[in-house]
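Asks: quick check, what structure comes out for this input:
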Amino acid sequence: MPRCWRLGGLVELERLRMRTWAHSLGYRGHILTKSRRYSTTYGALREERAEYRRDDVEPTDSPDVITESNWRYVGSGYTPGESDIAVGIAEDHAMSSQLAREAREEGWLA
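Replies: Take a look at the predicted model:
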């Protein structure tokens, strides 16, 4: 895919729209053209799914069933482990910036 992506960026090959189809490289056919001999049919899949749903009985009539319908916001952000990693990255970035600044001041970097 990377090669197709690079070629698709060339002006002379723009008309081929290679980047549009790069995701489908290596796939030799359409989803609906699969062989019935080696696979199942969509009709059989639909029938199996319908049969499964017919047998599916929701247990809402039972007094033993508890339905939780109240949602609450628990939070967002880093886990404690992720927080430690983020702090380490921030410290590394600050140190790199400081070293680069000092190198420029001393004439090591342009």
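Asks: mind checking the SS state of the residue nearest the centre of the chain?
Replies: The residue lying closest to the centre of the chain (Cα atoms, centre = their mean) is His23, at 13.8 Å. When classified by DSSP: H, G, I helix; E, B strand; the rest coil, His23 comes out as helix.
Asks: average pLDDT for stretch 75-85?
Replies: What stretch 75-85 shows for mean pLDDT is 86.
Asks: can you show me the CA trace of it as PDB?
Replies: Output of stretch 75-85 as PDB, limited to C-alpha atoms (Å, rounded to 0.1, in the frame of the first residue of the first chain):
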ATOM      1  CA  GLY A  75     -14.300  10.600  34.500                       C
ATOM      2  CA  SER A  76     -11.700  10.900  31.900                       C
ATOM      3  CA  GLY A  77      -8.000  11.300  31.600                       C
ATOM      4  CA  TYR A  78      -5.000   9.100  32.200                       C
ATOM      5  CA  THR A  79      -4.800   6.100  34.400                       C
ATOM      6  CA  PRO A  80      -2.200   6.300  37.100                       C
ATOM      7  CA  GLY A  81       0.300   4.400  34.900                       C
ATOM      8  CA  GLU A  82      -0.500   6.500  31.900                       C
ATOM      9  CA  SER A  83      -0.100   9.600  34.000                       C
ATOM     10  CA  ASP A  84       3.500   8.600  35.000                       C
ATOM     11  CA  ILE A  85       4.400   8.000  31.300                       C
END
